[in-house]
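[1] got a predicted structure here, sequence first:
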Amino acid sequence: MSDENLPDRPDPAAVAGQERLSEQIARTGMFGTETTGDTSGYGGLRVRRAPVPSSPRPYGSYFDEVADRLADGMEREGPGFDEAIERVIVDRDELTLHVRRDHLAGVAKVLRDEPSLAFELCLGVSGVHYPWEAGRELHAVYALLSITHNRRLRLEVSAPDEDPHVPSLVSIYPTCDWHERETWDFFGLIFDGHPALTRIQMPDDWKGHPGRKDYPLGGIPVEYRGAHVPPPENRRAYQ
Amino acid sequence: MTAETEGRVYNVAGQDWDEVVAAADEATEAGEERIVVNMGPQHPSTHGVLRLILTLEGETVIELRPVIGYLHTGIEKNMEFRTWTQGVTFCTRADYLAPLFNETAYCMGVERLLGVEAEIPPRANVLRVLMMELNRIGSHLTAIGTMGLELGATTVFIYGMREREKVLDLLELITGLRMNHAYVRPGGVSQDLPAGALERLREFLGIMPGLLGEIRALFDAQPVYFRRTKNVAYLDLAGCMALGVTGPILRATGLPWDLRKSQPYCGYETYEFTVPTQDTSDAYGRYIVRMDEMDQSLKIIEQCVDRLAAKRPARDPVMIADAKIGWPAQLAVGADGLGNSPAHIAKIMGQSMEALIHHFKLVTEGFRVPAGQVYAAVESPRGELGAHVVSDGGTRPFRVHLRDPSFTNLQSASAMAEGGLLADVIAAVASIDPVMGGVDR
């Protein structure tokens, strides 16, 4: 097929399909069989992860205003909105800003100090490990709350496994002190600029970061009336 | 007291105050200005397995460093290996004085991920509010009772525990358990009120104001208590904002911030109650806020009881109608304890193969939750309890993080206690009311 026969603008459905097919395969088959052949006819099934596209404008609710005010603030403070914010996701009436990690502190500062934004309260950090997201495996998720405007917002920043560094927000939100220590403890994310990044939940000499997906649960098999129950991570998984 | 290479280490384990004072005097005589005292993790005044490392100059606290993690049980990690419904059994054990709040926050997160928030039956929401407010009273009674105990008022502790028992009796009657209820489930609650519960609730509402008045009277006639709590453990609004402190500590600075009012959930906007505040920013103010909150909780419980006692419509379930999410059976008490109702067992074992398959799939495999992440928050007795719930589209949570208010609020212990006297450390920690199960999860 030559190019002149192709339509001028790509078909949005075809683009969406291409995007979907380029995503990683989440699972194959239907019943999770690994030892014997799957005779159900579903053996060739490939289920891919849904792509995470940016939400288009308008975002709805107060989200547009927050994005506009943040863009104004970022314009004044240095890097523009598009430079600092990788992706804006509005999902289930919640706003998530994916921030490029170099600009995390700048974005947080504008969000806190700008009177029209006034996100005074940081509700801490939650780490998430997505092993399949090559180059951005480790995520740190910050929940922010503005008491002045009664609004919520989520910041998300990612770092690759090989270079697990994220700037610390302790100087902007001192409450992040223990939260960042916990995220380091569980996920191995190093928060640059933290005053004393030490383990907080696990013992000081612990090896590994238990929140990560490649860290086993570490259960022990249980014997009950002669029958052995394997630990949860080794039990049969129903897909 | 042991001799170490880096100087002497003083361990405080309760009932050994004279030793510490003697050691401090000795150190002063020897020309040493500062001593480091390790307090806990096993100490009657640290509110659980909390360890405090104190640097003292005489009796003044120069530095306070809380050390936590002694009660870490990996609840968040464990939840990733169970179905969404089983997750409730784990998160209820985090903050063990407020189990119903943990459950509700988590279930609200799961329901928002599923997009079924609007389909939760009204009766389930009333029951959730009822249980949370009962739980709030029980939790505040513990907070106030242990605060009294740690400051030397043993009677208040006994009174607090005695009244809390009445709350626990009600929780046991309704859920079957005194704590770790797993009562709130994704889609609703596990069972309806048992027979006689409304009468017991009304009885509780009748006697409780008088009993709370007794505790107030005990404290209000006690000048020692005032001296130990007034202007002690000061933390103002700016400090609360910086340190992320919420709950009674924040409301004791004069800011009426309560998620039940500002971001209502479970139908709180339809109840009449006020948000008590104080403007003293000290330990005494926090105590008053907690006492006033219990009065407001009683008011809410009364409204819940009225709604539950009203004439029921023909169909008034406590679990979501969607059979792909809601547990297939109601529970019933049988000869061998609480279990699936005999009617349901008769149906799946004797009449309907499809119902059996459905039951089996839902119970063993669970339901799928569309991929995404949400943050659901409730106002727990200690402040904002948030659940960050992430799904990858599977039948198990991909990640659950509980933003526990105890964890965050405990950070402020240093700000409250440094520069003050050693004895005020106890008042500061008691007024924060940290629950180590929630701090360490």
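    Everything's here; your move.
[2] identify the residue nearest A:D214 in space, chain neighbours excluded?
    Counting by CB to CB, 6 or more residues apart in numbering or on different chains, A:D214 lies nearest to A:P131, which is 6.5 Å off, once chain neighbours are set aside. To be clear about C-beta, it is placed using only N, CA and C from the backbone, and glycine gets the same treatment.
[3] what residues are up against that neighbour?
    Contacts were defined as CB atoms under 8 Å, 6 or more residues apart in numbering or on different chains; by that measure A:P131 touches A:E137, A:K213, A:D214.
[4] so, low pLDDT: which residues of chain B?
    B:1-10, B:13-15, B:28, B:31-32, B:44-46, B:329 (pLDDT under 70).
[5] where does it get nearest to chain A, residue-wise?
    For chain B and chain A, the shortest gap (CB to the nearest CB) falls at B:G244, measuring 3.0 Å.
[6] which residues does the closest residue to that residue other than its chain neighbours contact?
    Once flanking residues are discounted, B:G244 sits nearest to A:T175: 3.0 Å by CB to CB, 6+ apart. With contacts defined as CB under 8 Å, 6+ apart, the neighbours of A:T175 are A:L121, A:C122, A:G124, B:A242, B:L243, B:G244, B:V245, B:T408, B:Q411.
[7] all strands of the chain, in order?
    Since you didn't name a chain, this refers to chain A. With DSSP state E as the criterion, chain A has strands at A:25-28, A:46-48, A:85-91, A:94-99, A:121-129, A:138-146, A:151-159, A:165-167, A:190-192, A:222-224, A:227-229.
[8] you answered for a different chain; I wanted chain B.
    Using DSSP E, strands in chain B cover B:2-4, B:7-12, B:34-39, B:51-57, B:60-67, B:184-185, B:188-189, B:331-334, B:337-340, B:372-380, B:383-391, B:399-403.
[9] make TSV from the ones you listed and add distance to A:A227 and mean neighbour count to it.
    Compiled in TSV, those are given as follows (distance: least, CB to CB, whole Å; neighbours: other CB atoms under 10 Å in any protein chain shown):
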stretch	distance to A:A227	mean neighbour count
strand B:2-4	49	7
strand B:7-12	46	16
strand B:34-39	46	18
strand B:51-57	41	18
strand B:60-67	41	18
strand B:184-185	28	27
strand B:188-189	33	27
strand B:331-334	24	14
strand B:337-340	21	13
strand B:372-380	38	25
strand B:383-391	32	27
strand B:399-403	30	25
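[10] on that earlier part again, deepest of the strands of chain A, which one?
    Stretch with highest mean neighbour count among the strands of chain A: strand A:121-129 (a mean of 26; mean count of other CB atoms under 10 Å in any protein chain shown).
[11] do that strand and chain B meet?
    Yes - residues of strand A:121-129 are located near chain B by CB under 8 Å from any CB of the partner chain, namely A:L121, A:C122, A:L123, A:G124, A:S126, A:G127, A:V128, A:H129.
[12] next, the contact list for the second one, please.
    Meaning A:C122. By CB under 8 Å, 6+ apart, A:C122 lies in contact with A:A108, A:Y142, A:A143, A:L144, A:L145, A:L169, A:I172, A:Y173, A:T175, A:C176, B:G244.
[13] centre-most residue in chain B?
    Centroid-nearest residue in chain B: B:A98, 2.7 Å away (criterion: CA atoms, centre = their mean).
[14] so that one touches B:S380, yeah?
    Yes - B:A98 sits in contact with B:S380 when judged by CB atoms under 8 Å, with a separation of 5.0 Å.
[15] overlap in contacts, the two.
    Residues touching both B:A98 and B:S380 by CB under 8 Å, 6+ apart: none at all.
[16] return the alpha-carbon coordinates of stretch A:83-101 using PDB.
    In PDB, the C-alpha atoms belonging to stretch A:83-101 read as follows (Å, rounded to 0.1, in the frame of the first residue of the first chain):
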ATOM      1  CA  GLU A  83       8.500  21.600  31.300                       C
ATOM      2  CA  ALA A  84       7.700  20.700  34.900                       C
ATOM      3  CA  ILE A  85       4.500  18.700  34.500                       C
ATOM      4  CA  GLU A  86       4.800  15.500  32.500                       C
ATOM      5  CA  ARG A  87       1.200  14.500  32.500                       C
ATOM      6  CA  VAL A  88      -2.100  15.600  34.000                       C
ATOM      7  CA  ILE A  89      -4.600  12.800  34.800                       C
ATOM      8  CA  VAL A  90      -8.100  13.400  35.900                       C
ATOM      9  CA  ASP A  91      -9.600  10.100  37.100                       C
ATOM     10  CA  ARG A  92     -12.500   9.300  39.400                       C
ATOM     11  CA  ASP A  93     -12.900  13.000  40.200                       C
ATOM     12  CA  GLU A  94      -9.300  13.200  41.400                       C
ATOM     13  CA  LEU A  95      -6.500  15.300  39.900                       C
ATOM     14  CA  THR A  96      -3.000  13.800  39.600                       C
ATOM     15  CA  LEU A  97      -0.100  15.800  38.300                       C
ATOM     16  CA  HIS A  98       2.900  13.700  37.200                       C
ATOM     17  CA  VAL A  99       5.800  16.000  37.900                       C
ATOM     18  CA  ARG A 100       9.300  15.600  36.400                       C
ATOM     19  CA  ARG A 101      11.500  14.800  39.300                       C
END
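[17] check whether that stretch comes near chain B.
    Yes - legend: contact between stretch A:83-101 and chain B by CB under 8 Å from any CB is shown at A:D91, A:R92, A:E94, A:T96.
[18] please apply the same query to stretch A:20-30.
    Yes - using CB under 8 Å from any CB, stretch A:20-30 reaches chain B at A:A26.
[19] quick one: low-confidence parts of chain A?
    For chain A, the ranges with pLDDT under 70 are A:1-7, A:29-43, A:50-51, A:237-239.
[20] closest to the centroid, which residue in it?
    In chain A, the residue lying closest to the centroid (CA atoms, centre = their mean) is A:H139, at 4.4 Å.
[21] could you point out the longest helix in chain A?
    helix A:63-77 (DSSP state H).
[22] centre of the chain versus it, how much separation?
    22 Å (CA atoms, centre = their mean, to the nearest Å).
[23] one more: stretch B:416-426?
    Put simply, stretch B:416-426 sits 25 Å off its chain's centre (CA atoms, centre = their mean).
[24] A:I220: neighbour count?
    A:I220: 7 surrounding residues under other CB atoms under 10 Å in any protein chain shown.
[25] that one against A:P230, yeah?
    No - applying CB under 8 Å, one finds A:I220 not in contact with A:P230, separated by 9.3 Å.
[26] and residue 24, what does it touch?
    This is for chain A. Taking CB under 8 Å, 6+ apart, one finds A:R48, A:R49, A:W132 in contact with A:Q24.
[27] that's the wrong chain, I wanted chain B
    B:I35, B:L56, B:G58, B:E59.
[28] now, which of those sits nearest B:G337?
    B:L56 (53.3 Å; CB to CB).
[29] bridging residues for that closest one?
    B:I35, B:V61 (DSSP bridges).
[30] pretty sure it sits against B:R34.
    Yes - in terms of CB under 8 Å, B:L56 counts as a neighbour of B:R34; the distance is 6.6 Å.
[31] common neighbours of these two, please.
    Common neighbours of B:L56 and B:R34 (CB under 8 Å, 6+ apart) are B:I62.
[32] so how far is A:H98 from the residue nearest to A:D214?
    18 Å (CB to CB, to the nearest Å).
[33] what's the answer for B:T73, then?
    32 Å.
[34] before we move on, what about A:P210?
    26 Å.
[35] before we move on, what about B:Q263?
    As judged by CB to CB, B:Q263 and A:H98 stand 24 Å apart.
[36] what of B:E63?
    38 Å.
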